[in-house]
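*Asks:* Here's a sequence, model it:
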Amino acid sequence: MHAILIESFGGPEQMYIDEWPKPHPGAHEILVKVEATALNRADILQREGKYPPPEGESTIMGLEMAGTVESMGQRVTKWKPGDAVCGLLAGGGYAEYAVIHEDMALPVPKGLSFTEAAGLPEVFLTAFQALRWLARLQEGERILIHAGASGVGTAAIQLANTMGAHAVVTASAAKHAICKELGAVHAIDYTNQDFEAAVMEYTHEKGVDVVVDFIGGPYFQRNLNVLAMEGRLVMLAFLGGVYAEPLNLGPILRKRLQVMGSTLRARSLDYKIRLSQDLYRYAWPLFEQGKLRPVIDTIFDWKEASKAHQYMEDNRNQGKVILKVS
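*Replies:* This next block holds a predicted model:
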């Protein structure tokens with residue numbers, strides 16, 4: 001098969017398409033002919049040599065895909081050749097074929113194309129894990145979602161709405177429209193507003209119950225400050241760095257806050273199966289009713305993967321960037 005490979009760690013220009021051994025499904029795995037995959041920040045970090053795949057996983061980039069079942073392992077009972085599936089991968093999505101455990105694979109929701117379904121697994125699983133499993137978001141609560149126009153941000157806004165919560169987001173001004181279209185009740189332009197002051201003004205000094213953050217150090221103090229009593233902070237990335245100085249930890253005790261961090265790629269297979277199946281039960285009816293949707297910004301042919309990576313690195317996307325495998 002062909003796959004997108006890396007000449008050496010570095011910029012987008014290091015990627016190229018070449019031959020690579022076709023994977024073989026294990027006893028409980030299916031082999032999928034990949035129709036589309038999607039970009040994630042983790043792909044950029046892996047390309048730069050900063051985020052190696054978990055031991056034993058494919059060294060090819062790509063954490064999600066959608067396609068058709070080509071063949072199955074001898075113990076697979078859920079799928080048959082020709083079935084349309086999508087799913088989360090620990091690696092290997094930037095290729096013509098990928099293998100996935102039968103319980104990790106999910107049917108493409110009715111009414112969605114392969115390119116739409118390819119932009120679904122990673123962001124909705126990450127957002128669902130953050131909101132439902134970690135933060136235990138409740139009806140009527142307020143949630144602050146940083147990077148509201150990112151893939152995970154757009155998924156989190158929609159999920160928060162279905163849970164009866166009120167989503168406040170940070171995003172550059174040009175991206176406020178998409179956030180509000182998806183259901184955000186208030187958008188803050190982080191480029192020229194202090195989000196702490198803006199959140200407290202909007203909430204009449206009450207703060208928010210949950211914060212979902214990807215920035216890390218530079219936002220940590222202000223995240224603590226905007227949380228209401230017994231608020232929960234879920235940290236999913238450190239795009240702004242890992243250091244926060246100076247720091248006043250007083251709000252953690254005074255407001256009985258919970259601070260949580262999580263990744264998804266390195267989680268156990270059992271955890272990811274349980275999360276995938278829980279999301280399937282919760283979200284698939286909502287996808288088919290049109291109450292949830294993957295937000296697709298741009299579709300690139302996979303021969304333009306370098307251009308797609310640069311597009312994401314320039315922070316131009318609102319939602320997902322898709323690679324159509326041809």
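
*Asks:* give the contact list for the residue nearest in space to the middle of the chain.
*Replies:* What sits nearest the mean C-alpha location of the chain, by C-alpha atoms, centre = their mean, is residue 123, with 2.5 Å. Counting by C-beta atoms under 8 Å, 6 or more residues apart in numbering, residue 123 touches 151-152, 154-155, 294, 320. The C-beta positions use only the backbone N, C-alpha and C, and glycine is treated the same way.

*Asks:* Show me which pair in the residues you listed is furthest apart.
*Replies:* Using C-beta to C-beta, the contacts of residue 123 reach their maximum pairwise distance at 152 and 294, which is 11.6 Å.

*Asks:* looking at this, the residue nearest to the centre of the chain is in a helix?
*Replies:* Yes. Using DSSP: H, G, I helix; E, B strand; the rest coil, the assignment for residue 123 is a helix.

*Asks:* Against residue 133, how distant is it?
*Replies:* Counting by C-beta to C-beta, to the nearest Å, the gap from residue 123 to residue 133 is 15 Å.

*Asks:* same thing with residue 276?
*Replies:* The gap separating residue 276 from residue 133 is 12 Å, by C-beta to C-beta.

*Asks:* neighbour count winner among those two?
*Replies:* Taking neighbours as other C-beta atoms under 10 Å, residue 276 and residue 133 compare with residue 276 leading, 21 against 17.

*Asks:* Quick check: that one is in a helix.
*Replies:* Yes. Under three-state DSSP, residue 276 sits within a helix.

*Asks:* That one - nearest residue in space that isn't next to it in sequence?
*Replies:* Once flanking residues are discounted, residue 276 sits nearest to residue 104: 5.5 Å by C-beta to C-beta, 6 or more residues apart in numbering.

*Asks:* Next: residue 9.
*Replies:* Leaving aside its chain neighbours, residue 9 sits nearest to residue 49 (3.2 Å; criterion: C-beta to C-beta, 6+ apart).

*Asks:* Please, which helix or strand holds that neighbour?
*Replies:* Counting by DSSP states H and E, no helix or strand carries residue 49.

*Asks:* Surely it touches residue 11?
*Replies:* No. With contact defined as C-beta atoms under 8 Å, residue 49 does not reach residue 11; the gap is 11.3 Å.

*Asks:* re earlier: ok, so of the contacts of residue 123, who is nearest residue 84?
*Replies:* Closest to residue 84, out of all of the contacts of residue 123 and judged by C-beta to C-beta, is residue 294, at 14.8 Å.
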